[in-house]
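[1] The sequence and its predicted three-dimensional model are supplied below.
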Amino acid sequence: MGVRELLLVRHGESEGNVAAAAARAASAEVIDVPARDADVRLSPLGERQSTAVGDALRALGDDAPDLLVCSPYVRARETARLACASAGLDLASRVDERLRDRELGVLDRLTFAGVEARYPEEAERRRWQGKFYHRPAGGESWADVVLRLRSWLSDLDRDAAGRRVLVVSHDVVIALIRYVCEDLGEHEVLDLARDTPLHNASLSRLARGGDGSWTTTLYDDVGHLDAAGLPATEHRGERRARA
């Protein structure tokens, strides 16, 4: 049977998200992030958003998760800590590097304008290969992330059979978990990411039927943020500001 439910939370707004938005607004080539990607912390708003996630988890009652699995990146671990503390959940937890954000290699910290100016050949390769398969030098494609997620899900099914699992990770990773679980195609997941970008601190739920198939019962829900009077920020997670 394996895992019976996945509760997927994107981390709260981070200092990197704020820096990327500022770089885009200034038409800058480089995003002025305060630390390497793995160490970027939540913004003050992101902390409040993460605490509000706890309200949504507490409202689940008997359907609350009984295991936490988290990306090792600081912004995800901070989100998990604040959400669980707010919900009063003391969960068995583990950190798994396979849930980390996509690695951008030489394009890390560059805006769209920066990529075009400094690595025009990479920009052209991306246009030719497409977003799903383009792997920047030293980085990962979406397909590369899928490979590590297939491994992670296989291990999770073996080690956490029958459990409800809270997963705190990143927007591209969560979309690609749906890709794997629901057997989506390349264009389906790209359309999903474009048309329904995950908000910071949003909650999604994937439930498993008796035949082993997965169904998304909730996606990008931010009702807990609305209830707390907090803005639902739509920062795209990759460290390149979009055109």
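    Nice, I can see it. Numbering: from 1, shown residues only.
[2] how about residue 231, what does it touch?
    45, 225 (Cβ atoms under 8 Å, 6 or more residues apart in numbering). Just so you know, the C-beta spots here come from the backbone N, C-alpha and C atoms, and that holds for glycine as well.
[3] pLDDT value on it, please?
    Model confidence at residue 231, expressed as pLDDT, equals 97.
[4] That one is in what secondary structure piece?
    Assigned by DSSP states H and E, residue 231 belongs to neither a helix nor a strand.
[5] what's the spacing between it and residue 225?
    7 Å (Cβ to Cβ, to the nearest Å).
[6] Helices of this protein, residue ranges please.
    Secondary structure of the chain (DSSP state H): helices at 15-25, 44-58, 74-87, 112-118, 120-129, 142-159, 171-181, 186-195, 223-227.
[7] Would you format the ones you listed as CSV with mean neighbour count included?
    Output for the helices of the chain, formatted as CSV (neighbours: other Cβ atoms under 10 Å):
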stretch, mean neighbour count
helix 15-25, 20
helix 44-58, 21
helix 74-87, 22
helix 112-118, 16
helix 120-129, 13
helix 142-159, 16
helix 171-181, 23
helix 186-195, 14
helix 223-227, 17
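[8] What is the longest strand along the chain packed up against?
    If you go by DSSP state E, the chain has its longest strand at strand 214-221. In this structure, strand 214-221 makes packing contacts with helix 171-181, strand 203-208, judged by 3 or more Cβ pairs under 8 Å, 6 or more residues apart in numbering; DSSP states H and E.
[9] Adding mean pLDDT and distance to residue 218, write those out as CSV.
    Shown next, in CSV, are the helices and strands packed on strand 214-221 (pLDDT from 0 to 100; distance: least, Cβ to Cβ, whole Å):
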stretch, mean pLDDT, distance to residue 218
helix 171-181, 98, 12
strand 203-208, 98, 4
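[10] Nearest to residue 64, out of these?
    Residue 64 lies closest to strand 203-208 among the helices and strands packed on strand 214-221, at 11.9 Å (Cβ to Cβ).
[11] Columns distance to residue 31 on top of the helices of the chain, output as CSV?
    Shown next, in CSV, are the helices of the chain (distance: least, Cβ to Cβ, whole Å):
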stretch, distance to residue 31
helix 15-25, 4
helix 44-58, 16
helix 74-87, 15
helix 112-118, 8
helix 120-129, 16
helix 142-159, 20
helix 171-181, 16
helix 186-195, 20
helix 223-227, 25
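[12] For residue 103, find the nearest of those.
    helix 142-159 (8.4 Å).
[13] got the CA coordinates for the closest one in CSV?
    The C-alpha trace of helix 142-159 is given here as CSV (Å, rounded to 0.1, in the frame of the first residue of the first chain):
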residue,chain,number,x,y,z
TRP,A,142,13.5,19.3,-14.0
ALA,A,143,13.9,15.8,-15.2
ASP,A,144,17.0,15.4,-12.9
VAL,A,145,14.8,16.5,-10.0
VAL,A,146,12.2,13.9,-11.0
LEU,A,147,14.9,11.1,-10.7
ARG,A,148,15.7,12.0,-7.1
LEU,A,149,12.0,12.3,-6.3
ARG,A,150,11.3,8.8,-7.7
SER,A,151,14.0,7.4,-5.4
TRP,A,152,12.6,9.3,-2.4
LEU,A,153,9.0,8.2,-2.9
SER,A,154,10.1,4.6,-3.3
ASP,A,155,12.0,4.8,0.0
LEU,A,156,9.1,6.6,1.7
ASP,A,157,6.6,3.9,0.6
ARG,A,158,8.8,1.3,2.1
ASP,A,159,9.6,3.1,5.4
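[14] All good on my end, thank you.
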